[in-house]
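> A structural model of the following input is requested.
(chains A and B)
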Amino acid sequence: MSLEKFIEDFEEAVEDVEPGSLTATTKYLDLEAWDSLAVLTVIAMVDVEYDVRLKAETLKASDTLEALYAQISG
Amino acid sequence: MTVSANLKNRQILVVGATGGLGSAIARQLKEEGASVVVSGRNTEKLAAMAEELGGDSVAIDLADAEGRVQLVDAIGALDGVVYAAGVAPVAPVRYLKDADLEACLNLNTAVPLLLVRDLLKKKKLNAGASIVWLSSVASRRGTAGYAAYAASKAALEASGRCLALELASKGMRVNCIAPGMIETDMTEAAAKRISDEALAEHLKAYPLGVGQSSDVAAATSFLLSEASRWVTGITLPVDGGFSIN
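As a prediction, this is how the structure comes out:
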């Protein structure tokens, strides 16, 4: 489990995001591809890959991928 | 609203009676004169509900075959059965877990059918009994993230139609209710995986606005009563117009 791996997983989960295009400081809420399906998908991905039950409000409250990863790994 | 005694002296089992819909249904049936037996997994909530309704309760896990045997053995002959238990895993198929899919198809589709089988085998359904299964508007409409749930409800409705034919000669009826989003669902959904924005967008599709659990309870009561004696094998949408929109 690492931030780099999490970013890869995030890129794979969210449709229309180029692999390698996101970084730790990416503000994912601002991504063009960020919509209600992306919310569902990232929550489901985190459940499957990290065994963590994220809430929609947690996703909304975090800012960068690094901050989101801290919530998941913390 | 005036409550009539449509269900006076009817023995009715409500499965999943501790959930938002199940508890509203159990209360409505009691108000209409039924003797209600409540069943579910949450022992404490169930005991409180049984005390409130002045009826019996059977706390069991229905997903387990032994649990079903215990339930069927514990109850007397019934005039009605309401199945309001269920789970709704929300995940795009790419991230759907085997266990979630299996649990959903089991609890939402297989168990209600197996419960009726067990009740029939033990002759616990009186002639003229009415069976009501809670389905969902999801059974007929695609929603991303709901493949498992939608499949389980569509299959439930399909099996209900077959069962309705099998039981018609005994005067027994089988019907489903397909509720749209009601207030208790919203609270639950918001706490889980649905963003406030997605919820707000979804609610725009309800011409009559958001529903209450009492709306579903009233429809359930109708399908359990003699007023619907010529109605079987249907799925009744109770959805504020969602399905015609």
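> report the buried residues of the one helix or strand in chain A whose mean pLDDT sits lowest.
The helix or strand of chain A with the lowest confidence, counting by mean pLDDT, DSSP states H and E, is helix A:56-61 at a mean of 87. Buried residues in helix A:56-61, counted by 16 or more other C-beta atoms under 10 Å in any protein chain shown: A:A56, A:L59. In short, each C-beta sits where N, CA and C put it, glycine included.
> that helix packs against which elements?
For helix A:56-61, the packing partners by 3 or more C-beta pairs under 8 Å, 6 or more residues apart in numbering or on different chains; DSSP states H and E come out as helix A:36-50.
> any idea how far A:V17 is from the spatially most central residue of chain A?
With distances taken as C-alpha atoms, centre = their mean, A:F10 lies nearest the centre of chain A, 4.6 Å away. With distances defined as C-beta to C-beta, to the nearest Å, the gap from A:F10 to A:V17 amounts to 8 Å.
> which ones are touching B:A227?
Contact partners of B:A227, counting by C-beta atoms under 8 Å, 6 or more residues apart in numbering or on different chains, are B:N6.
> so how far is B:R117 from it?
Distance, B:A227 to B:R117, by C-beta to C-beta: 27 Å.
> still on that earlier bit, quick one: which helix or strand includes the residue nearest to the centre of chain A?
Element membership of A:F10, judged by DSSP states H and E, is helix A:3-13.
> can you pull the buried residues of the strand or helix carrying B:L199?
B:L199 is part of helix B:196-203 when elements are defined by DSSP H and E. Neighbour-count burial for helix B:196-203 flags B:A198, B:L199, B:H202 (criterion: 16+ other C-beta under 10 Å).
> excluding covalently adjacent residues, which one is nearest to residue 40?
I went with chain A, as the question did not name one. Spatial nearest neighbour of A:L40, excluding adjacent residues (C-beta to C-beta, 6 or more residues apart in numbering or on different chains): B:G145 at 4.4 Å.
> wrong one, I was asking about chain B
Excluding the flanking residues, the one nearest B:G40 by C-beta to C-beta, 6+ apart is B:T18, at 4.2 Å.
> so the one you found belongs to a helix, correct?
No - counting by DSSP: H, G, I helix; E, B strand; the rest coil, B:T18 is not found in a helix; it is coil.
> how far does stretch B:128-143 sit from its chain's centre?
8 Å (C-alpha atoms, centre = their mean, to the nearest Å).
> which helix in chain B runs the most residues?
Ordering each helix of chain B by length in residues (DSSP state H) puts helix B:147-167 first.
> that one near chain A at all?
No - with C-beta under 8 Å from any C-beta of the partner chain as the criterion, chain A is not reached by helix B:147-167; the gap is at least 11.3 Å.
> by contact count, what packs against that helix?
helix B:98-105, helix B:111-121, strand B:125-134, strand B:173-179.
> now these in TSV, with mean neighbour count and mean pLDDT?
Output for those, formatted as TSV (neighbours: other C-beta atoms under 10 Å in any protein chain shown; pLDDT from 0 to 100):
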stretch	mean neighbour count	mean pLDDT
helix B:98-105	15	96
helix B:111-121	19	97
strand B:125-134	22	98
strand B:173-179	25	98
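> for chain A, which of these is the nearest?
helix B:98-105 (9.0 Å; C-beta to the nearest C-beta).
> now for B:V116: which residues touch it?
B:V116 neighbours (C-beta under 8 Å, 6+ apart): B:V81, B:L125, B:I131, B:L163, B:V174.
> just to check, the fourth one is in contact with B:I131?
Read that as B:L163. Yes - B:L163 is in contact with B:I131 according to C-beta atoms under 8 Å; the separation is 7.5 Å.
> any common contacting residues for the two?
With C-beta under 8 Å, 6+ apart, B:L163 and B:I131 have common neighbours B:V116, B:V174.
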